[in-house]
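Visitor: Let me see the structure of the following:
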Amino acid sequence: MKTKKYYETIKVQQENYYFEGALDYFNERIRVDFYLGNVALLIERIEKLVKEHKFTKLIIKARSEHLYSFLQSGYMIESALKGYFQGSDGFFVTKYVSQDRRNSLYWAAGDDILDAVLKSDQSKEKVIPDEYVLRRAEKNDSNKLAKLYGQVFKVYPTPLNESTYVEKTMDEGTIYWVYEKDGNIVSAASAEVDFGQRNAELTNCATLEEHRKHGLMKELMKKLELDLVSQSVYCSYTIARALSYGMNAAFHQLGYKYTGRMTNNCYIFDKLEDMNVWVKDLSKVVF
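Guide: As a prediction, the model looks like this:
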């Protein structure tokens, strides 16, 4: 795969509408995170941008009151985001430009994994050995974090293998928790917080293969959730690889609810992958 520019954030303000999002060059898609105003004109502008950049997928985080407008324009609901907009529900609505992008080669395999996850025992708890040290990451961990992500993911939707990018995400409010062993970070996860809409995406989950049997990721998630609740952020969600039993099982065991799958959503490892969406209302959790 040839090297691509990753993405750029955009804010478009016109007389009748406004939206914020990203031109995602690496994953050949446009994403709209927030919008106001005339939905029909908004859709028209977004679809012009898609043609201009030759993207193959459009993703819009839509409010429930606008679902019919998007459906009438050929969009589909791929997943739900309960409580996303300051407690009101949101939805990932999508549209595809190419048949190849629309059709998943791994949908049935994803269904089998999801079925096994939903039938799994949620009560399993593992004892983490004493040599693993759990803590919140700081800026001076950026090199170690970049090294971890570079080892775990040969291809990833964002340049987390670059320490400057990791620092940039921290400056923008992303929270990282890590496990260390012998002075090396062996597992990490983060929460990308949207304080405007009071939600957070749990993401950038990575554990070195030889350390995956101890249940480290579940404990990292619990710490991130505590951080979010302390800041009155109650909508927590994640987008997990549909082909990863371990990641989906971890969120299921933590009480997240499966709300849909996003087809050929982003490049991870060696291909475009389908991603499962899991959502949790942290206001109902007793810590």
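
Visitor: With adjacent residues omitted, what lies nearest to the residue nearest to the spatial centre of the chain?
Guide: Centroid-nearest residue in the chain: I239, 4.0 Å away (criterion: CA atoms, centre = their mean). Distances taken as CB to CB, 6 or more residues apart in numbering place M275 nearest to I239, at 4.6 Å, with adjacent residues excluded. Using the backbone N, CA and C atoms, a C-beta is placed for each residue, glycine as well.

Visitor: Name the helix or strand for the one you found, please.
Guide: Using DSSP states H and E, M275 sits in strand 271-281.

Visitor: what is the rounded mean pLDDT of stretch 207-225?
Guide: Mean pLDDT, computed over stretch 207-225, is 94.

Visitor: From the chain's centroid, how far away is that stretch?
Guide: On the basis of CA atoms, centre = their mean, to the nearest Å, stretch 207-225 sits 17 Å off its chain's mean C-alpha point.

Visitor: circling back to that earlier point, what distance separates the strand holding M275 from the centre of its chain?
Guide: Using CA atoms, centre = their mean, the offset of strand 271-281 from its chain centre is 7 Å.

Visitor: Counting neighbours, which bits of it end up buried?
Guide: Burial within strand 271-281, assessed by neighbour count using 16 or more other CB atoms under 10 Å, is assigned to 272-280.

Visitor: by contact count, what packs against it?
Guide: Packed against strand 271-281 by the contact rule (3 or more CB pairs under 8 Å, 6 or more residues apart in numbering; DSSP states H and E) you find strand 76-85, helix 107-118, strand 235-241, helix 245-253, strand 257-268.

Visitor: between the ones you listed, which one is nearest to E180?
Guide: Counting by CB to CB, E180 lies closest to helix 245-253 out of the helices and strands packed on strand 271-281; the figure is 19.5 Å.

Visitor: now the angle from the closest one to strand 235-241?
Guide: 160 degrees (axes from the mean of the first three to the mean of the last three CA atoms, to 10 degrees).

Visitor: where exactly do the strands run in this protein?
Guide: For the chain, the strands defined by DSSP state E cover 7-13, 17-24, 29-37, 57-63, 76-85, 88-96, 133-136, 175-181, 184-194, 199-207, 235-241, 257-268, 271-281.

Visitor: Low-confidence bits of the stretch 151-287 of the chain, can you list those?
Guide: Applying pLDDT under 70 to the stretch 151-287 of the chain flags no residue at all.

Visitor: can you rerun that using 80?
Guide: 154-155, 157, 269-270, 287 (pLDDT under 80).

Visitor: Give me the phi and psi angles of the closest residue to N16 other than its chain neighbours.
Guide: Spatial nearest neighbour of N16, chain neighbours left out: N38 (4.2 Å); criterion: CB to CB, 6+ apart. Main-chain dihedrals, N38, degrees, to the nearest 10: phi -70, psi 110.

Visitor: Cross-check the contact I'm expecting between N38 and E15.
Guide: No: with contact defined as CB atoms under 8 Å, N38 does not count as touching E15 (9.1 Å).

Visitor: More neighbours: which of those two?
Guide: Ranked by neighbour count (other CB atoms under 10 Å), N38 and E15 place N38 first, with 16 against 8.
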